[in-house]
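Peer 1: no FASTA, just this:
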Ligand code: CTP
């Protein structure tokens, strides 16, 4: 669950700082990339050397290293993190976070971070119970920060009560559960097609189209980020696929059909975003065609409509989504394709929208469902569009 997740662990001045060593070890063992930020007080309780060794990364303690002048960019650190975990979170740091004070690297990173923030308080029971601390905690919760509540037991002061930082093992389980909840498609099998197809004319020439595959790859990545097990069948493209995708490369519409028919029954969700050729040469010449006559006729035959074939095979448990690329009468054509191909959703791209279509990094889509309801989206980056498409599909589950 934590594999390849980027985690910043903020450690504050508290005796519980010694537990940060175990926490870092557990996170690293679970496959996370961990960078530690120590407040100056925390460095009195645990050394940067210990945490740097365990995290295999330099430990950050201040905005810049006095000896080398190397500056630690809080904005970059904040953006690097998938999760910011403040553990132990002292009463002092909680108060600063609540009020937006920014007098050290940890609080600057907190204000810069766009990722979920978790905090595991550690303090004496009276400090924890104090109204100002409780108000600060409520304020952090109101910002969407996530509390890993302190436990009850014997405290460093010898007193007994609430204020003990959650154990590192509990924090790990908490984080894993949180990630799991954010993965609505965990274990769901998804099939996505992308890119163009190339229809051979002879050994050196083909009929293709301008599809870059960007949209399909973005959809596949988005599904993977939601926890799905994604198979990506792609035509020729320069796009690189993320490691977690199972990628099948194909060339022609016929190859793509074969691959789709092999994979389809396993998939709960199938999104057909490939730009499949509608026609292919009746026969590809075995040798390079020599130039001779002034005019040259190429005989083409229809390819199988892959999406329509899958629509016929679709069971009630499966979701099938197609694309419609149109240049005129867009809505009418898109709705007709949805019905004809037995789809659950159709994503309409109009080439009339500037910034939409082939090779662009942006797209503008409208989605229709079986009830002919339409959702119109703004022009967005293809990764944001992919997210919109995946969220619309999630609504059908
Ligand atoms: N599609 C397919 N197999 C084909 C052609 C298209 O699976 N041989 C799929 C595309 O992947 C897309 C959808 O069908 O999801 C619509 O493609 P589009 O090119 O817009 O429409 P066509 O059905 O090919 O009709 P036309 O070209 O006449 O608009």
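Peer 2: Sure, I can see it. Just so we're clear, the structure is a prediction, and the values are computed from it rather than from any experiment. Numbering: from 1, shown residues only.
Peer 1: residue 152 and residue 166 touch, don't they?
Peer 2: No. With contacts defined as Cβ atoms under 8 Å, residue 152 does not count as touching residue 166, sitting 11.1 Å away. Yep, even glycine has a C-beta here, placed from its N, CA and C like the rest.
Peer 1: need the contact list for the residue nearest to residue 145 when sequence neighbours are not counted.
Peer 2: The shortest distance from residue 145 to any residue that is not its chain neighbour, by Cβ to Cβ, 6 or more residues apart in numbering, is 4.4 Å, and that residue is residue 117. Contacts for residue 117 were tallied using Cβ atoms under 8 Å, 6 or more residues apart in numbering; they are 83, 84, 85, 86, 110, 140, 143, 144, 145, 146.
Peer 1: just give me the neighbour total for the last one.
Peer 2: So the one you mean is residue 146. As a burial measure, the neighbour count of residue 146 was computed by other Cβ atoms under 10 Å and equals 16.
Peer 1: which non-adjacent residue is nearest it?
Peer 2: For residue 146, the closest residue by Cβ to Cβ, 6+ apart turns out to be residue 118, at 4.6 Å.
Peer 1: show me the contacts for that neighbour.
Peer 2: Remark: with contacts taken as Cβ under 8 Å, 6+ apart, residue 118 is in contact with 83-87, 145-148, 171, 174-175, 178.
Peer 1: ok, these vs residue 340, which is closest?
Peer 2: Using Cβ to Cβ, residue 178 comes nearest to residue 340 of the contacts of residue 118, at 43.0 Å.
Peer 1: which ones are touching the closest one?
Peer 2: Taking Cβ under 8 Å, 6+ apart as the criterion, residue 178 is in contact with 116, 118, 146.
Peer 1: residue 200 now?
Peer 2: Residue 200 is in contact with 206, 251, 252, 281, 284, counting by Cβ under 8 Å, 6+ apart.
Peer 1: let me have those in a markdown table, extended by pLDDT and neighbour count.
Peer 2: Listed next are those as a markdown table, based on pLDDT from 0 to 100; neighbours: other Cβ atoms under 10 Å:
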| residue | pLDDT | neighbour count |
| --- | --- | --- |
| 206 | 98 | 19 |
| 251 | 98 | 16 |
| 252 | 98 | 21 |
| 281 | 98 | 18 |
| 284 | 96 | 15 |
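Peer 1: of these, which belong to strands?
Peer 2: When these are checked against strands (DSSP state E), the matches are 206, 281.
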